[in-house]
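Chemist: Predicted model, plus sequence, below.
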Amino acid sequence: MRRGRFTGYWLMLPAGLWLALFFVIPFYSLLATSLFDPEGSVLTGYSVDYRFANFVDALQQFWEPLVRSLWYAAVATAICLVLGYVLAYAIAFKAGRWRTLLLVLVIAPFFTSFLVRTLSWKLILADDGFVVDTLQFLQLLGDDGRLLATPVAVIAGLVYNFLPFMVLPLYASLEKIDGRLIEAAGDLYASPTRGFLKVTLPLSKPGVVAGTLLTFIPAAGDYINAALLGSPNQRMVGNVIQNLFTSTGDYAAAGALSVILMVIIVALVMLYIRTAGTEELV
Amino acid sequence: MSLAADSAAHRASDRSQGEGRSLRLTALTKEFATFTAVRSLDLEVPAGTFFALLGPSGCGKTTTLRMVAGLDTPTSGTIHLGDDEITYEKPYRRPVNTVFQNYALFPHLDIHENVAFGLRRRKVKDVDQQVQEMLSLVELEAQARKKPPQMSGGQQQRVALARALINRPEVLLLDEPLGALDLKLRRGMQIELKRIQTEVGLTFVHVTHDQEEAMTMADTIAVMNSGVIEQMGSPAELYENPRTTFVANFLGQSNLIAGAVSSTVSSTDGDVVRVDMHGTQVSIPADRAHVRAGDGWVGIRPEKVLIEPLGEPLDAPGNHLTGGVITDVSFVGVSTQYLVMMPWGQELMSFEQNTGRRPVLATGTKVDVSWRPEFAFLLPASQDVNAGVVEES
């Protein structure tokens, strides 16, 4: 088949259009919003007057939920990594014929809506629910202690909701590891623990990097878990942005905060990829 | 070989002479859910020898090797190194290293670190120095910082060898290490491996399905079939005096002709068994007759079978068959391979060196066939005449 000089570009066209329509234009719109004159309102209209002070204002006013978001997302990602690694390892190396079933079970929660699942956690962690009752009975929780409206509940919700995003890339990279390499490590005087640290773990690094990114990024921007399982004290930056956009109507502040969150996440991700230094991502 | 390589080799041999212990397998058995891979195997590999486990795929040779390495657990039986039992010792505690079939090099580590892996796990000092010496032994000093996927098959094979050898194991296990190489490279590596083994003086146990490879390299070969050892001995011993039809066919090729023992005759040179072979009496030295009465297979290697056109003189004291017709001639340069149809309807193979003594014979030529009695052997008729026949590919 003959190929014209421009075939490659033609083939890029659909993806390019898609990106333009659903990324470049909304992003431009967001950026413009973040530079609105904050005096504007639905009634008086809005104007872009390049108010970079919006960013400073937003940081000053909302640094607390912003830091909290990054902190909750980091803790949730760390917990997901530990739980997810154990699960993915078990599925990849120990599950035998149950492997497919277990993978389906990992994905199964996606068949129900995110919102419904998080609402059910509200019931599970409710003040008179069996989890709280049991913890109170075991004296792990005070008599008027509760789980809802605590950081524990919000982080637990994040872990629950984003665990599959950790497990799947980890599984994919663990499953690719040639079992003979682990045998070879054992043959070369590495105990199972050393063999894991020196062979299995480094070889699964692409999965670790992909999994942590896929967990951390959405978790940092999430607001459902904080809204349903937390209280205003566990407010995350997503809740603030949502509130500014939908209730307060302070579009300029909401836009500025969105851009700040995006910049911080992109910076963190780049730093992370540079230090984790993977050649092949996923 | 460089001086550094010699010194690495020298040091290894010093050590092995001090600690060399023989490897002994006793009644070793491995059963899997559906079949028995290794059946009550008894084997002793003397320290410092090059030992080959030879057999077709699925004969249990790799399973045996894996049990010695500690990668598979025997169902019963014991493995000893000298006086120490290592049957259930963890693989990382055995003074045994393996060169894996597909090398199993660590793709995330460079060549230097691959070779250093075993030493680092044992917290040995001056690792870098030793790695450099070992890499020069296998002539890969210049590639030390490359990653395994950047190297050719032959180079990877040498890295795998260096990675195992640097630990100076008491026994080095080689699992079909040359299987993935092309023919020419394989022949080169065979000589190289044998040379390294001689230099370092370690015990090598080499698993292979390639009989030529086993014969080229090993001091002792154990031919395995269906989980048991059919016969063990030096390459020449196995080739010249096979005890089973499997060995006769798997190690080289053999003409196996049905016959019946008629008598045993004593002579000054030792007893001779007389066999009636389709009406012709042939004699076989008693120590090469593995059946003394009844029916048997008379075996003779193709290169021992001489043919001459009808009426020409033949070098055949005692065994002389007549009435053959050449049905096929394959000229392979150094030799010519004939198929000769005998009166009883069997085609015999005859390989003849192309010495130029006489022209290559044509198909259809009537020939006499002979062989010297001391080259023939006699196997029990109960054995399958086609056991171990290697399909020409």
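Modeler: All right, it came through fine. Numbers count the residues shown, from 1 in each chain, chains lettered A, B, ... in the order given.
Chemist: contacts, neighbours, all on C-alpha from now
Modeler: Noted.
Chemist: Please name the nearest non-neighbouring residue to A:Thr150.
Modeler: Of all residues not flanking A:Thr150 in the chain, A:Gly230 sits nearest, at 5.8 Å (Cα to Cα, 6 or more residues apart in numbering or on different chains).
Chemist: pLDDT at the one you found, what is it?
Modeler: pLDDT recorded at A:Gly230 is 91.
Chemist: quick one: contacts for it?
Modeler: Counting by Cα atoms under 8 Å, 6 or more residues apart in numbering or on different chains, A:Gly230 touches A:148-151, A:153-154.
Chemist: Low-confidence regions, chain B specifically.
Modeler: B:1-19, B:316-318, B:391-393 (pLDDT under 70).
Chemist: again, only using 80
Modeler: Along chain B, segments meeting pLDDT under 80 span B:1-20, B:179-181, B:267-269, B:314-318, B:390-393.
Chemist: can you list the domain ranges for it.
Modeler: B:3-240, B:253-380 (automatic domain parsing).
Chemist: any chance of the ones you listed in JSON lines, with mean neighbour count and distance to chain A too?
Modeler: JSON lines is the format used below for these (neighbours: other Cα atoms under 10 Å in any protein chain shown; distance: least, Cα to the nearest Cα, whole Å):
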{"stretch": "domain B:3-240", "mean neighbour count": "20", "distance to chain A": "4"}
{"stretch": "domain B:253-380", "mean neighbour count": "18", "distance to chain A": "35"}
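Chemist: Residue of chain A closest to chain B, please.
Modeler: Evaluated by Cα to the nearest Cα, chain A has A:Tyr189 as its residue closest to chain B, separated by 3.9 Å.
Chemist: could you list every residue that touches that residue?
Modeler: Going by Cα under 8 Å, 6+ apart, A:Tyr189 touches B:91-94, B:118, B:121-122.
Chemist: now with 7 Å?
Modeler: For A:Tyr189, the contact set (Cα atoms under 7 Å, 6 or more residues apart in numbering or on different chains) comprises B:92-93, B:118, B:121-122.
Chemist: for those residues, which one is nearest A:Val67?
Modeler: Using Cα to Cα, B:Arg121 comes nearest to A:Val67 of the contacts of A:Tyr189, at 42.3 Å.
Chemist: Pull up the distance across stretch B:101-119, start to finish.
Modeler: From its first residue to its last, stretch B:101-119 covers 22 Å (Cα to Cα, to the nearest Å).
Chemist: One more: stretch A:172-183?
Modeler: 20 Å.
Chemist: before we move on, what about stretch B:205-213?
Modeler: 13 Å.
Chemist: can you list contacts of it?
Modeler: Contacts of stretch B:205-213 (Cα under 7 Å, 6+ apart): B:50-57, B:61-62, B:172-176, B:190, B:214, B:251.
Chemist: Out of these, list just those in helices.
Modeler: Judged by DSSP state H, the subset of those located in helices is B:61-62, B:190, B:214.
Chemist: Who does the nearest residue to B:Thr280 once chain neighbours are set aside form a beta bridge with?
Modeler: Spatial nearest neighbour of B:Thr280, excluding adjacent residues (Cα to Cα, 6+ apart): B:Leu321 at 7.0 Å. Here B:Leu321 sits in beta bridges with B:Val369, as judged by DSSP bridges.
Chemist: so B:Leu321 touches B:Ser370, yeah?
Modeler: Yes: in this structure B:Leu321 lies within contact range of B:Ser370 using Cα atoms under 7 Å: 6.0 Å.
Chemist: hang on, the earlier thing: hang on, the residue of chain A closest to chain B in a strand?
Modeler: No: under DSSP: H, G, I helix; E, B strand; the rest coil, A:Tyr189 sits outside any strand and is assigned coil.
Chemist: And it, how far from A:Gly195?
Modeler: Applying Cα to Cα, the value for A:Tyr189 to A:Gly195 is 9 Å.
Chemist: And for B:Val369?
Modeler: 63 Å.
Chemist: got it, and A:Thr100?
Modeler: 26 Å.
Chemist: Specify which residue of those two has the higher count of neighbours.
Modeler: Using other Cα atoms under 10 Å in any protein chain shown, the more surrounded residue of A:Thr100 and A:Gly195 is A:Gly195, with 22 against 13.
Chemist: Next, count neighbours for A:Val237.
Modeler: By other Cα under 10 Å, the residues close to A:Val237 number 27.
Chemist: Quick one: residues contacting it.
Modeler: A:65-66, A:69, A:221.
Chemist: any idea of the pLDDT on it?
Modeler: Per-residue pLDDT puts A:Val237 at 93.
Chemist: Over to A:Tyr46?
Modeler: At A:Tyr46 the predicted local confidence, pLDDT, stands at 74.
Chemist: unless I'm mixing things up, it is touching A:Phe36, no?
Modeler: Yes: with contacts counted by Cα under 7 Å, A:Tyr46 reaches A:Phe36, the gap being 6.5 Å.
Chemist: Between the two, which is the more surrounded one?
Modeler: A:Phe36 (23 against 16).
Chemist: Relative to A:Ala58, how far out is the more buried one?
Modeler: In terms of Cα to Cα, A:Phe36 sits 13 Å off from A:Ala58.
Chemist: what's the answer for A:Asn233, then?
Modeler: Taking Cα to Cα as the measure, A:Asn233 falls 18 Å from A:Ala58.
Chemist: These two: which is more packed in?
Modeler: A:Ala58 (20 against 12).
Chemist: circling back: tabulate the contacts of A:Tyr189 (JSON lines), appending secondary structure and distance to A:Leu268.
Modeler: Listed next are those as JSON lines, based on DSSP: H, G, I helix; E, B strand; the rest coil; distance: Cα to Cα, whole Å:
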{"residue": "B:Tyr92", "secondary structure": "helix", "distance to A:Leu268": "40"}
{"residue": "B:Arg93", "secondary structure": "helix", "distance to A:Leu268": "44"}
{"residue": "B:Gly118", "secondary structure": "helix", "distance to A:Leu268": "37"}
{"residue": "B:Arg121", "secondary structure": "helix", "distance to A:Leu268": "35"}
{"residue": "B:Arg122", "secondary structure": "coil", "distance to A:Leu268": "38"}
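Chemist: could you pull out the helices for the chain?
Modeler: Reading this off chain A. Counting by DSSP H, the helices of chain A are A:7-19, A:25-34, A:53-89, A:99-107, A:114-124, A:130-137, A:151-175, A:179-187, A:192-195, A:201-203, A:205-221, A:224-229, A:237-243, A:251-276.
Chemist: meant chain B, my bad for not saying
Modeler: In chain B, the helices defined using DSSP H lie at B:3-19, B:61-69, B:111-121, B:127-137, B:153-165, B:183-200, B:211-217, B:235-240, B:245-250.
Chemist: Where does the prediction get shaky in chain A?
Modeler: Along chain A, the parts satisfying pLDDT under 80 run over A:1-5, A:37-50, A:142-144, A:277-282.
Chemist: one more time with 70, if that's ok
Modeler: Where chain A drops to pLDDT under 70, the residues are A:1-3, A:41-43, A:277-282.
Chemist: Enumerate the residues of it near chain B.
Modeler: Chain A has residues A:180-181, A:184, A:186-191, A:203 near chain B, with proximity defined as Cα under 7 Å from any Cα of the partner chain.
Chemist: Compare those and tell me which is most surrounded.
Modeler: Busiest of the residues of chain A next to chain B [other Cα under 10 Å] is A:Leu188, holding 29 neighbours.
Chemist: What sits closest to that residue if chain neighbours are left out?
Modeler: B:Gly118 (4.6 Å).
Chemist: my read: A:Leu148 touches A:Leu125, true?
Modeler: Yes: counting by Cα under 7 Å, A:Leu125 is a contact partner of A:Leu148 at 6.0 Å.
Chemist: Now the phi/psi pair for B:Gly201, please.
Modeler: Here is the backbone geometry of B:Gly201 (degrees, to the nearest 10): phi 70, psi 20.
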